[in-house]
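Asker: Model the structure of this input:
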Amino acid sequence: MSNHLYYIIENMDSLYIFVLIGLLHSFLYLFHTILSSCSIPYTNLLRTLQLEIDFLRLRWYTTLFNQTIKNWTTSRKRFWHLWFDTGICVTILILPLSLLILIQMTSNVLMHQPNPQDDNSSQVLQLVIPGVDIPMNEVGFYITALLLSTTFHEMGHALAAVSEDVRLYETGFILFFIISVAYVQICNEKLLSSPARSQLRIMCAGVWHNIILAMMAMLLLSFGTWLYKPFFSTETGVSVRRMLPNSPLIGSTGLMVHDTIYRINDCSVNNSQEWINCVLHTMREPNPGYCASEHFLEKYKKETSPNECCDSSMIEDHLCFKFLRNLKDNFTYSCLPARTVITQSEKFCRVDDDCLGGKYCLKPLVENSTKVVQIQRIDKKDVLFIGYPADIFNTVVVSDWVSKFAFLSSEFPENLNLVLGYIVMFSSGLAVINVIPCFYFDGQYIVDILISLGLQVTIGHQRFHRNVCLSTKVAGTLLLAFNVLYMLFQKFS
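Answerer: Predicted coordinates:
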């Protein structure tokens, strides 16, 4: 993604973007309504593409993967039975944990405890509300993680169903507004007539697969440095990922994307945290001085007043420097070529004694809040910036990953890690949320089966079974709805 596109996205109001998407959906639905009522070829095209269009919703369905899924399961039924039996055990262990989180969050709200949005457990619920607290420039990664998580979830249901001889009708994707999720459709009559263990395998498969996906993503994140090591290095500086178009560092002698920065003034930069610390250091500390020999000064010095040199820029690329001690001819200020002074200086100084060999310490004269910043890059000239260091922090985005090859960008590991991070959060959150006994969630069917199995041993009254199951699902639905509505109220109030 280009710097200009990043800048546009980051500065656009999220409401404005959602309105544009809503208008696009409305126009598409209007277009579809008109054509489907008067154009048979259009209707046939949609049927051929297996595409359905509704208001704010698109659905694509296919039977293309049915045979592949059947081939995977029929020849390895013993493995899949063991695999999904493990999923049943793990899901049953997660069920009380999910209920405890939900009850604790509800208790915190009712007892007026600190805002549940600040609690780690509440992040599980926030993840099921698309776009909440997600930077606009990361929405694409969030949607990708959501799509992968739901695809893996539904794949679990499909594999389990086919392994239990339950017919798989179709698979597909639904785009609701900007959120895309996967789905599978199986034969419900066959599912409900199957043994309880088979039903549990099918209904727990989605939660189980979400847990597996979250663990896989977490492992990739943990071993990311080792995996990227042949292509990227770390702790050797920071790589410039992108620069906003309003950055004062853009120019022929400024920073460029993919530059590797290893020092800012006298502050070493090995990673992004040190980059932040060094930029903050330049804000807090006064401008450094630069050591220069008397021979150098005799060659370049030009006597002038500080006002002439600094305000009128009488000589291009020159800056007014102040001598901390007078030269033999009592010079106090001199207009000198800034880049030459800074690059020839072997070290920074605060007083003359910091300079070796009797050299002079020269201090640049600039406005009080303006700083002279020397940004050192690998295999390139230093970038000299005279301005406000906050502009560096706000308009330059860096990465810890430094590419070993010119054709590789640090965007790859950064974006991959971002997607993996969202997968960990969303897939684990989806597992915890989906196991709650709530209508239209997998937990609804899982709890039905478990309660029926548990009560069958002691009480054989079917009406009592149904009442207990219904009460449990109503309670779970109300608790979840209460917490979601409360968080939305807190967010937008």
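
Asker: So, low pLDDT: which residues of the stretch 51-200 of the chain?
Answerer: By pLDDT under 70, the low-scoring segments of the stretch 51-200 of the chain are 113-137.

Asker: Tell me how many other residues crowd residue 361.
Answerer: By other CB atoms under 10 Å, the residues close to residue 361 number 24. (Glycine included, C-beta is placed from N, CA and C.)

Asker: Report the buried residues of stretch 340-357.
Answerer: 341-342, 345, 348-349, 352, 355 (16 or more other CB atoms under 10 Å).

Asker: Likewise for stretch 64-82?
Answerer: 65-66, 69-70, 72-73, 80-81.

Asker: Helix, strand or coil: sort out residue 180 for me.
Answerer: Using DSSP: H, G, I helix; E, B strand; the rest coil, the structure places residue 180 in strand.

Asker: To clarify, my last question referred to residue 334.
Answerer: strand.

Asker: Also residue 398?
Answerer: Secondary structure, three-state DSSP: residue 398 is strand.

Asker: Find the nearest non-adjacent residue to it, please.
Answerer: Nearest in space to residue 398, with sequence neighbours left out and distances taken as CB to CB, 6 or more residues apart in numbering, is residue 238 at 4.0 Å.

Asker: Distance-wise, check the one you found relative to residue 261.
Answerer: 5 Å (CB to CB, to the nearest Å).

Asker: quick one: buried residues of the helix or strand harbouring residue 170?
Answerer: Under the criterion of DSSP states H and E, residue 170 resides in strand 168-176. Buried residues in strand 168-176, counted by 16+ other CB under 10 Å: 168, 170-175.

Asker: Need the overlap of contacts for residue 238 and residue 261.
Answerer: Overlap of the contact sets of residue 238 and residue 261 (by CB atoms under 8 Å, 6 or more residues apart in numbering) consists of 269, 275, 398.

Asker: correct me, but the last one touches residue 243?
Answerer: Looking back up the chat, that one is residue 398. No: if you go by CB atoms under 8 Å, residue 398 and residue 243 don't touch, sitting 9.9 Å apart.

Asker: Give me the more crowded residue out of the two.
Answerer: The residue with more neighbours, out of residue 398 and residue 243, is residue 398; 25 against 21, by other CB under 10 Å.

Asker: Next up, the contacts around the more buried one.
Answerer: Per CB under 8 Å, 6+ apart, neighbours of residue 398: 238-241, 261, 272, 275.

Asker: Just the closest of those to residue 48, please.
Answerer: When these are ranked by distance to residue 48 (CB to CB), residue 241 comes first, at 42.7 Å.

Asker: quick one: the closest one from residue 262, how far?
Answerer: Distance of residue 241 to residue 262, given as CB to CB: 16 Å.

Asker: Name the residue in those two with the higher neighbour count.
Answerer: Set residue 241 next to residue 262 and count neighbours by other CB under 10 Å: residue 241 wins out with 20 against 16.

Asker: List the contacts of the helix or strand where residue 277 lies.
Answerer: According to DSSP H and E, residue 277 maps onto helix 272-284. Contacting residues not belonging to helix 272-284 are listed as 238, 261, 263-265, 267-269, 371, 373, 389-390, 392-393, 398-400 [CB under 8 Å, 6+ apart].

Asker: In helices, which of these fall?
Answerer: Within the contacts of helix 272-284, residues falling in helices by DSSP state H are 389-390, 392-393.

Asker: Now distance to residue 90 and pLDDT too, for those, in JSON lines please.
Answerer: Output for the ones in helices among the contacts of helix 272-284, formatted as JSON lines (distance: CB to CB, whole Å; pLDDT from 0 to 100):
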{"residue": "389", "distance to residue 90": "51", "pLDDT": "89"}
{"residue": "390", "distance to residue 90": "49", "pLDDT": "89"}
{"residue": "392", "distance to residue 90": "48", "pLDDT": "91"}
{"residue": "393", "distance to residue 90": "44", "pLDDT": "89"}
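
Asker: List just the nearest of those to residue 36.
Answerer: Closest to residue 36 out of these is residue 393 (53.1 Å), distances taken as CB to CB.

Asker: For that closest one, which non-adjacent residue is closest in space?
Answerer: Closest residue in space to residue 393, ignoring its immediate chain neighbours: residue 279 at 4.8 Å, by CB to CB, 6+ apart.

Asker: sorry, back to before: could you give the mean pLDDT of the helix holding residue 277?
Answerer: For helix 272-284, mean pLDDT is 92.
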